[in-house]
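Peer 1: Structure, please.
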Amino acid sequence: MTVKLRPGESQEALLKRFRKEVAQSRILSAYRQKRWFISKSELRRKEQKKAIRKALRRDAKKSTRKRTI
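Peer 2: The predicted structure follows:
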């Protein structure tokens with residue numbers, strides 16, 4: 001990934017723009033995930049747990065809305 005210095009742009013602004021592009025492309029998060037090997041079955045279990053937590057949070061949010069109305 002390359003970021004070119006624009007005319008009149010400071011080094012800090014260039015670095016900020018670079019970090020923003022790296023974050024948006026999710027390169028760093030993909031690198032961090034691939035540091036360790038995770039088997040497919042373990043990955044499936046993690047995704048299933050994540051889906052359950054998400055559903056529970058969504059249900060809790062819906063139930064709090066009903067009480068306030």
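Peer 1: Strands of this protein, start to end?
Peer 2: Assigned by DSSP state E, the strands in the chain number zero.
Peer 1: Flag the shaky bits of this structure, pLDDT-wise.
Peer 2: 66-69 (pLDDT under 70).
Peer 1: so what are the domain limits for it?
Peer 2: 1-36, 38-69 (automatic domain parsing).
Peer 1: can you list the ones you listed in a markdown table and add mean neighbour count?
Peer 2: Any C-beta I mention is one placed from the backbone N, CA and C, and that applies to glycine too. A markdown table is the format used below for these (neighbours: other C-beta atoms under 10 Å):
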| stretch | mean neighbour count |
| --- | --- |
| domain 1-36 | 10 |
| domain 38-69 | 9 |
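Peer 1: I figured residue 21 hits residue 2, correct?
Peer 2: No: taking C-beta atoms under 8 Å as the definition, residue 21 is not a contact partner of residue 2, at 9.4 Å.
Peer 1: So residue 32 versus residue 14, what's the distance?
Peer 2: For residue 32, the distance to residue 14 equals 24 Å [C-beta to C-beta, to the nearest Å].
Peer 1: what does residue 41 give?
Peer 2: Noted for residue 41: a distance of 44 Å to residue 14, by C-beta to C-beta.
Peer 1: do the same with residue 55
Peer 2: Distance, residue 55 to residue 14, using C-beta to C-beta: 43 Å.
Peer 1: ditto for residue 1
Peer 2: Using C-beta to C-beta, residue 1 is found at 13 Å from residue 14.
Peer 1: cool, residue 29 as well?
Peer 2: Note on residue 29: its distance to residue 14, by C-beta to C-beta, is 22 Å.
Peer 1: Kindly report the same for residue 20.
Peer 2: Residue 20 is 11 Å from residue 14, by C-beta to C-beta.
Peer 1: who touches the closest residue to residue 6 other than its chain neighbours in this structure?
Peer 2: Leaving aside its sequence neighbours, residue 6 sits nearest to residue 14 (C-beta to C-beta, 6 or more residues apart in numbering; 7.8 Å). Listed by C-beta atoms under 8 Å, 6 or more residues apart in numbering, the contact partners of residue 14 are 3, 5-6.
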